[in-house]
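**Student:** Turn this into a model:
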Amino acid sequence: MLDGQTTIALVVALLGLVGVFGASIIAQFSSRNQQAREVLFGPARTFARDALNALATMRGITPPRPPTDGQAPHRNEQLIGDADDRTKRFAECEDAIDQIRVARADVRLVFLPRSLAAEYTRRVLLAERMAMEAAADYFRELAREDPANHQQWRLTRGRELRDQYTAWRASAYFNLDRFFDDVAARVRFPTWNPHRIPPRWDLDTPVTLNARLVDQENVWSDERLDAATYHTGLQRLDVIANRTDRTLGYLNSIQRRGRR
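**Tutor:** Numbering: from 1, shown residues only. All right, here's what the predicted structure looks like:
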């Protein structure tokens, strides 16, 4: 038989072991979660930085607006007459976009190819590539014009291409934000179990979405709809775009209509 003091000592020892064992399990679980977050954060961080770097690089090929009286010339005005500088800047943009392609491969590997994060990287890459092509068309077509017609061309066809460039840049930023939202949701509960991956970021507020969609001919159009939440509104816009062979480019505005 054990006396009272011995029994108490044994109980205290057992409680200590249980505490150590429990702390070890919690620490191990926390460590695994942290490692899983880093696995997700690494490729996401690289892709985001490369995408933003490419957008910054493309500022060097932004089609210049037509000169007006009393307004300083656009920073890229000199590119119109400097073919060598244009070639150099477009080459830099090509290299920056190639970096995005490489970074996107890691996102697809870690988040899985059919994940929302992977889809948003595809849309960001597409938008940046299309913006660069719109800028290339601007300078290419302008170079073929008679210098005497430059001003008129820039006010017509040139404005159209400049607007396309601006719209595709806005689309890149929009889809990059959607990429951030999905990554933020995933890293809260790092898992690769498809049944445990949390849904997209959601605002439980009725909204009116004003969006711009683009078709296969690179023609942009406006779409406006009311939705119960931001999340369902984006889903409906994607459905509308797919049914009409268009792509959701970006949102012009999000108007909240008060909480339910």
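**Student:** quick one: contacts of the longest strand along the chain?
**Tutor:** Identified as the longest strand of the chain according to DSSP state E is strand 246-256. Here strand 246-256 makes contact (CB atoms under 8 Å, 6 or more residues apart in numbering) with 123, 126-127, 167-168, 170-171, 173-175, 203, 205-215, 220-222, 230, 234, 237-238, 240-241. Bear in mind the C-beta positions are built from the backbone N, C-alpha and C, glycine included.
**Student:** Mark which of those are part of strands, please.
**Tutor:** 207-215, 220-222.
**Student:** What subset of those is buried?
**Tutor:** Buried residues within the ones in strands among the contacts of strand 246-256, counting neighbours by 16 or more other CB atoms under 10 Å: 207, 209, 211-214, 220.
**Student:** quick one on the thing from earlier: which two of the ones in strands among the contacts of strand 246-256 have the greatest separation?
**Tutor:** Val207 and Asp215 (24.7 Å; CB to CB).
**Student:** Could you tell me the angle between the longest strand of the chain and strand 207-215?
**Tutor:** 160 degrees (axes from the mean of the first three to the mean of the last three CA atoms, to 10 degrees).
**Student:** For beta bridges, what are the partners of the closest residue to Arg224 other than its chain neighbours?
**Tutor:** Spatial nearest neighbour of Arg224, excluding adjacent residues (CB to CB, 6 or more residues apart in numbering): Asn210 at 5.1 Å. Applying DSSP bridges to Asn210 gives these bridge partners: Arg224, Ser253.
**Student:** Return the distance of Asn210 relative to Ala134.
**Tutor:** Look at Asn210 and Ala134: by CB to CB, to the nearest Å, they are 22 Å apart.
**Student:** go on, Thr208?
**Tutor:** Counting by CB to CB, the gap from Thr208 to Ala134 is 29 Å.
**Student:** Let's verify Asp226: helix, strand, or coil?
**Tutor:** strand (DSSP: H, G, I helix; E, B strand; the rest coil).
**Student:** So it sits against Thr208, correct?
**Tutor:** Yes. Counting by CB atoms under 8 Å, Asp226 touches Thr208, with 5.2 Å between them.
**Student:** Which residues are in contact with each of those two?
**Tutor:** Arg257.
**Student:** Any idea how many residues pack against Thr166?
**Tutor:** If you count neighbours by other CB atoms under 10 Å, Thr166 ends up with 14.
**Student:** do Val107 as well
**Tutor:** When neighbours are counted by other CB under 10 Å, Val107 comes out with 25.
**Student:** go on, Tyr138?
**Tutor:** 26.
**Student:** That one against Glu160, yeah?
**Tutor:** No. Distance between Tyr138 and Glu160: 9.2 Å, which falls outside the contact criterion (CB under 8 Å).
**Student:** mind listing what Val187 touches?
**Tutor:** Residues in contact with Val187 (CB under 8 Å, 6+ apart) are 37, 40-41.
**Student:** got the angle between the helix or strand hosting it and strand 220-227?
**Tutor:** Val187 belongs to helix 157-188 when assigned by DSSP states H and E. For helix 157-188 against strand 220-227, the angle by the same axes, to 10 degrees is 40 degrees.
**Student:** list the buried ones in helix 157-188?
**Tutor:** Buried positions in helix 157-188, judged by neighbour count with 16+ other CB under 10 Å: 158, 161-162, 164-165, 167-172, 174-176, 178-179, 181-183, 185-187.
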